[in-house]
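Colleague: I'd like to go over a predicted model; first the sequence, then the structure.
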Amino acid sequence: MDNIVNGIGMEMKKIFLLTDYKGFFGSKYTAKPYRSGYDRALLTTYFERIGLNAQFIAYSDVFKQEMWDKQLVLYTSSEEVGFHYKEFIEDIVLELEKRGAIVIPGFDYLRAHNNKVYMELLLQRRLKPLISTNETKVYGSMEELNQDISVGAFRYPVVIKRATGAQSKGVFLAKDENELVKYAKMISRTKHVVSEFKEYIRVRKHQGYLPESKYQHKFIVQSFIPNLTNDWKILVYGDHYYILNRGIKKNDFRASGSHYNYKVGSESEFPIQRLNEVRAIYETLDVPHLSLDYAFDGVKGYVIEAQTVYFGTSILEMSNEYYTFKGDDWQVQSQYLDEEGEYVYAMAHYLKQHPELLRG
């Protein structure tokens, strides 16, 4: 990896990496201890190689430092039960951005992490008309869905997804209106006995009172892409494209989490000409790292989901090669970096595209 800072005539610049309450940063498939994130010593070494001084700081300590204007900041996220700590992370990262810190990637992408509603809205805003995304409707309550059902807004089958979750958890195929209502009620139910009893009393006491919804977990409904036999998980680190073919089992429609007929790298059977589209997506989103669920129906490519923060990295361990664009075509290269190396390599690639960030 090149020294990108000295390459533009600067002394070593600090880059701040925000750690969670355990002192961990990032998501690493083979982390030891288990689920402990990236090796901080390795990250420090790799950042030094590109001319950056890595400084680790806990989220709770961030505002003990006053001067954040034009400081480079990287952050991790959280998927712990209830996403309470992620909400805290969002507070800190958003305020850093407001105070002028160069938060990478921007807060939008943290908000989209494990949040399919905002992720879909972000992708629609950033990627259209670049690529097809499934026709998607977002909902914050069952009542809103009922309004669309009443006007015949859907062509069945449709896919309904809980806003949170990974590996196809909370994802269902609704073949008709009855199934859509059933799955929607299942994934949106917000049960609270005391509040529901109070609402029951209010309905009886106040004529015309409309009770609060008992179904307020947000969700999305998407059009169904028929006849797929697989999709691809693609991880992008700078100009390194790692590809995993994920098969779809018979009588199922989901590839994520299937662990069925996996194929990686040059054996992934990915239509190579579509990598130009994937590269355009990566460049348009303008982020260092990207995890993409991608489908191709023989005519069009589809972005099923995308994450730019705290995504699974098992492909890096499953594959010993990646695709990169050299000259005027895509070539297969042997993997030579570990996970920390790929993370920093992608940051170096991103900062080369944005040298103004290093001059702040």
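Modeller: Nice, thanks for sending it over.

Colleague: only C-alpha atoms for contact and neighbour calcs from this point on.
Modeller: Will do.

Colleague: so what touches stretch 85-94?
Modeller: 59, 62, 75, 77, 78, 79, 80, 103, 107, 110, 111 (C-alpha atoms under 8 Å, 6 or more residues apart in numbering).

Colleague: what number of residues lie near the last one?
Modeller: The criterion is other C-alpha atoms under 10 Å. On that basis, residue 111 has 22 neighbouring residues.

Colleague: how near is it to residue 178?
Modeller: From residue 111 across to residue 178, the span is 32 Å (C-alpha to C-alpha, to the nearest Å).

Colleague: likewise the first one?
Modeller: Taking C-alpha to C-alpha as the criterion, residue 59 is separated from residue 178 by 45 Å.

Colleague: more crowded one of those two?
Modeller: Legend: neighbour count by other C-alpha under 10 Å for residue 59 and residue 178, higher for residue 59 (20 against 10).

Colleague: residue contacts, the more buried one?
Modeller: Applying C-alpha under 8 Å, 6+ apart, the residues contacting residue 59 are 18, 19, 20, 21, 89, 92.

Colleague: quick revisit: keep only those of the contacts of stretch 85-94 that are in helices.
Modeller: When the contacts of stretch 85-94 are checked against helices (DSSP state H), the matches are 107, 110, 111.

Colleague: among these, which one lies nearest to residue 354?
Modeller: residue 107 (17.6 Å; C-alpha to C-alpha).

Colleague: which strand residues bridge residue 263?
Modeller: Beta-bridge pairing for residue 263 (DSSP bridges): residue 245.

Colleague: strands of the stretch 51-200 of the chain, start to end?
Modeller: Shown for the stretch 51-200 of the chain, the strands assigned by DSSP state E, counting those that start in this stretch span residues 52-58, 72-75, 102-104, 132-133, 136-139, 158-162, 171-174.

Colleague: distance between the first one and the chain's centre?
Modeller: Its chain's C-alpha centre lies 23 Å from the corresponding centre of strand 52-58 when counted by C-alpha atoms, centre = their mean, to the nearest Å.

Colleague: same for that strand, what does it pack against?
Modeller: strand 13-19, helix 40-49 (3 or more C-alpha pairs under 8 Å, 6 or more residues apart in numbering; DSSP states H and E).

Colleague: pick the most deeply packed of these.
Modeller: Using mean count of other C-alpha atoms under 10 Å, the stretch among these with the largest mean neighbour count is strand 13-19, at a mean of 21.

Colleague: as CSV, could you dump the C-alpha coordinates of it?
Modeller: Taking Å, rounded to 0.1, in the frame of the first residue of the first chain, the C-alpha atoms of strand 13-19 are listed here in CSV:
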residue,chain,number,x,y,z
LYS,A,13,-2.2,12.9,9.8
LYS,A,14,-4.4,11.5,12.5
ILE,A,15,-7.4,9.3,11.7
PHE,A,16,-9.8,8.5,14.6
LEU,A,17,-11.4,5.1,14.9
LEU,A,18,-14.4,5.0,17.2
THR,A,19,-14.7,1.9,19.4
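
Colleague: packing partners of that strand?
Modeller: Checking 3+ C-alpha pairs under 8 Å, 6+ apart, strand 13-19 ends up next to strand 52-58, strand 72-75.

Colleague: turn those into CSV, columns for mean neighbour count, mean pLDDT and distance to residue 183.
Modeller: Shown next, in CSV, are the helices and strands packed on strand 13-19 (neighbours: other C-alpha atoms under 10 Å; pLDDT from 0 to 100; distance: least, C-alpha to C-alpha, whole Å):
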stretch, mean neighbour count, mean pLDDT, distance to residue 183
strand 52-58, 19, 97, 40
strand 72-75, 22, 98, 35
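
Colleague: mind checking pLDDT for the nearest residue to residue 232 once chain neighbours are set aside?
Modeller: Spatial nearest neighbour of residue 232, chain neighbours left out: residue 245 (4.6 Å); criterion: C-alpha to C-alpha, 6 or more residues apart in numbering. If you check residue 245, the pLDDT there is 96.

Colleague: just checking, residue 245 touches residue 259?
Modeller: No. Using C-alpha atoms under 8 Å, residue 245 is not in contact with residue 259; the gap is 9.9 Å.
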